[in-house]
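Trainee: Need a 3D model of the sequence below.
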Amino acid sequence: QVQLVQSGGGLVQTGGSLVLSCATSGRTFRSYSMGWFRQAPGKERDFVARISSSGGSTYYADGVKGRFTVSRDNAKNMVYLQMNSLKPEDTAVYYCAFMVGGKPLGDYWGQGTQVTVSS
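Mentor: Alright, predicted model coming up:
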């Protein structure tokens, strides 16, 4: 059974930092790229960041480049999203996912983590 369990998030002021974590099971973690997505109220779920299976390659949406860092620990089956210099427009529910061919794997998502950035 595929599971992605997220932690972290919360309320932070503009310019602050947060770390999101995603613990996975049910798949051979080290075989998959992992991604982070976010969904703001009334909007579609958008791509945020992706990391290759080895962790050697990362890719970010333009709006978070230079502020967010995705990382992984293959020994712990964990993926992380370090978010710095947060802005009110980063407010959203964040989700982690296994990635295949640049897309989320099936309908397997973490439960979602609320990030709220106050101005």
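Trainee: quick one: low-confidence ranges for this protein?
Mentor: By pLDDT under 70, the chain has no low-scoring segment.
Trainee: Geometrically speaking, which residue is the centre of it?
Mentor: When CA atoms, centre = their mean is applied to the chain, the residue found nearest the centroid is residue 36 (2.8 Å).
Trainee: quick one: which helix or strand includes it?
Mentor: Using DSSP states H and E, residue 36 sits within strand 33-39.
Trainee: Which residue, neighbours along the chain excluded, lies closest to residue 111?
Mentor: residue 6 (5.9 Å; CB to CB, 6 or more residues apart in numbering). C-beta here means a position set from N, CA and C on the backbone, and glycine is covered the same way.
Trainee: What is the neighbour count of the one you found?
Mentor: By the criterion of other CB atoms under 10 Å, residue 6 has 21 neighbours.
Trainee: Report the buried residues of the helix or strand encompassing it.
Mentor: Here residue 6, judged by DSSP H and E, is contained in strand 3-8. Using 16 or more other CB atoms under 10 Å as the test for burial, strand 3-8 gives 4, 6, 8.
Trainee: so who does the last one touch?
Mentor: In this case it means residue 8. Going by CB atoms under 8 Å, 6 or more residues apart in numbering, residue 8 touches 18-21, 113.
Trainee: For residue 110, see how far away it is.
Mentor: In this view, residue 8 and residue 110 are 11 Å apart by CB to CB, to the nearest Å.
Trainee: same check, this time on the first one
Mentor: Applying CB to CB, the value for residue 4 to residue 110 is 4 Å.
Trainee: Need the residues touching each of the two.
Mentor: 22, 96-97.
Trainee: separation between the nearest residue to residue 38 once chain neighbours are set aside and residue 116?
Mentor: Using CB to CB, 6+ apart and skipping the chain neighbours, the partner closest in space to residue 38 is residue 92 (3.8 Å). From residue 92 over to residue 116 the distance is 9 Å, taken as CB to CB.
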